[in-house]
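Novice: need a structure here:
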Amino acid sequence: MSKTLLLKMQLAEAKGEIPAGTAQAAADSIVVETGVRAFYKGYYGAENLNSATQDAKKELASLTDTQVEQHAENLADELVDALGPMMAAQRLTDTHTTSDLPLALANLRQRTLLPAYQGPTSNWRAALNPDIITVPDFKTIRTLRLSEMGELLPRAELEDVKYATFTEAEGGYRVVNNERAVAYSWEMSKNDEVGAFARGLESLGRGASRSEAMIIFRAIKDGLTPTKITGAGDGAGVPTVDLIKKLRAKFSSATFKDGDGNDLEYGFDITDLVFGTSQRDVMNLINTQEYEDARAGRTPNILRGAFQLHLERLWSRVFGQDYVAYDRMMQWLQVAFLEGFEGGPLTYTEMPTTREYQDQGSFKNHSLAVKVGHTLGARVVDPNAAVLVQGS
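Specialist: Got it, this is the predicted structure:
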């Protein structure tokens with residue numbers, strides 16, 4: 001808690017503005033909510049959190065008296081789920097049900113599921129166009145990639161149908177639980193250091209966003225074999241119009257044997273390029289310049305506007321100057337979340353357990369604490385629909 005907040009709540013309790021005996025619980029709840037808000041500000045970004053909060057306030061203001069009562073009950077239920085320990089949650093119910101935080105977080109989670117959602121450090125959902133699934137447990141997730149069937153064949157009258165044959169490649173991966181916690185110590189409460197607690201959780205929110213992206217990026221690196229596309233003459237891997245033309249030609253001409261044994265082209269096409277900040281300028285130039293090279297003539301640049309470009313700020317931590325090209329029409333990457341985590345991390349709160357001296361926190365270490373958990377896994381499920389290119 002905070003000495004200043006506690007005095008304010010005790011005054012509110014004396015005026016009858018909050019139920020008797022809830023001043024301490026109300027002060028604790030405000031400290032916790034301040035920290036949780038700061039965490040999600042770091043994870044979702046300040047602009048997204050502010051927008052969702054404003055929407056929540058407008059939604060609350062538009063409710064009738066009956067709807068307000070029902071809304072308060074719903075928020076109380078959400079609070080119980082969020083805070084964990086039943087005793088602490090029950091103590092907070094009477095003082096915390098008007099908060100817009102649960103509604104704001106619900107709005108944020110819905111926005112996160114949209115492909116165009118912009119995160120504070122990574123926009124991997126839009127950049128990588130993954131197949132996102134949820135799983136109910138920690139069992140290995142089986143992924144199947146079937147070989148292509150042959151085309152349909154004409155069947156003559158009275159003849160039996162011809163059955164196709166196929167093979168399948170099976171692999172699996174698991175979702176992983178990632179956690180970290182921040183404590184609000186008794187000493188911090190005595191010094192009114194709520195701001196330090198909130199700043200720590202905001203930083204942890206940014207860390208959670210980075211962790212999510214890094215898990216997915218490492219899965220891509222594990223699932224794709226780096227390819228070297230030589231440039232014109234010098235063999236350099238730095239992207240150029242000529243190099244990307246060769247890459248696209250090689251990518252689109254890849255073949256496979258169908259179920260009837262015929263050699264066929266996949267027909268894939270490069271639609272998207274994902275890269276780090278070191279390749280930003282050259283990728284933009286390739287995708288926008290009118291001619292291939294102004295110094296060598298006026299050959300039109302056939303790649304102009306051909307790709308969707310995705311700059312990922314964390315990309316170089318895993319890939320250096322390498323970049324990924326893929327076909328957006330194909331589901332080449334799969335990301336799995338444990339049920340409940342598909343919209344982002346969850347927070348868990350440890351509240352005071354001492355009843356006689358609540359301002360001293362828990363019996364064990366005199367502190368409040370907020371734990372953050374996120375559970376996901378990723379895997380390249382079709383390595384033929386994407387290519388990792390050495391960019392240096």
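Novice: burial measure for G42, as a count.
Specialist: 24 (other C-beta atoms under 10 Å). All C-beta spots, glycine's among them, are computed from the backbone N, C-alpha and C.
Novice: Report the buried residues of the helix or strand harbouring M283.
Specialist: According to DSSP states H and E, M283 maps onto helix 280-288. Buried residues in helix 280-288, defined by neighbour count with 16 or more other C-beta atoms under 10 Å: V282, M283, I286, N287.
Novice: same deal with stretch 248-256?
Specialist: Of all the residues in stretch 248-256, those buried under the rule 16+ other C-beta under 10 Å are R248, F251.
Novice: can you give me the mean pLDDT across that stretch?
Specialist: For stretch 248-256, the mean per-residue pLDDT is 83.
Novice: how far is that stretch from where the chain is centred?
Specialist: Centre-to-centre, stretch 248-256 and its host chain are 31 Å apart (C-alpha atoms, centre = their mean, to the nearest Å).
Novice: Next: stretch 269-282.
Specialist: Distance of stretch 269-282 from its chain centroid, counting by C-alpha atoms, centre = their mean, is 20 Å.
Novice: now what about it, what contacts it?
Specialist: 127-129, 238-240, 244, 247-248, 251-252, 283, 287, 306-316, 319-321, 323-329, 391 (C-beta atoms under 8 Å, 6 or more residues apart in numbering).
Novice: of these, buried ones?
Specialist: Using 16+ other C-beta under 10 Å, the buried members of the contacts of stretch 269-282 are 127-129, 239-240, 244, 247-248, 251, 283, 287, 306-307, 309-312, 314-315, 319, 321, 323-327, 391.
Novice: Out of these, which sit inside strands?
Specialist: L309, H310, L311, Y323, V324, A325, Y326 (DSSP state E).
Novice: Widest-spaced pair of these?
Specialist: Largest separation among these by C-beta to C-beta: L311 and Y326, giving 15.4 Å.
Novice: which of the ones in strands among the buried ones among the contacts of stretch 269-282 lies closest to E47?
Specialist: Nearest to E47 among these is L311, at 18.4 Å by C-beta to C-beta.
Novice: Enumerate every residue touching that closest one.
Specialist: Contact partners of L311, counting by C-beta under 8 Å, 6+ apart, are F275, G276, T277, R280, M283.
Novice: With A126 instead?
Specialist: A126 makes contact with P115, A116, Y117, Q118, H310 under the criterion C-beta under 8 Å, 6+ apart.
Novice: Selection in ChimeraX covering whichever of the residues you listed are buried, please.
Specialist: In ChimeraX, a selection of the buried entries from the contacts of A126 looks like this (16+ other C-beta under 10 Å):
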select :117,310
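Novice: L6 in helix, strand or coil?
Specialist: With DSSP: H, G, I helix; E, B strand; the rest coil as the basis, the three-state label of L6 is helix.
Novice: Give me the local confidence score for it.
Specialist: According to the prediction, L6 has pLDDT 76.
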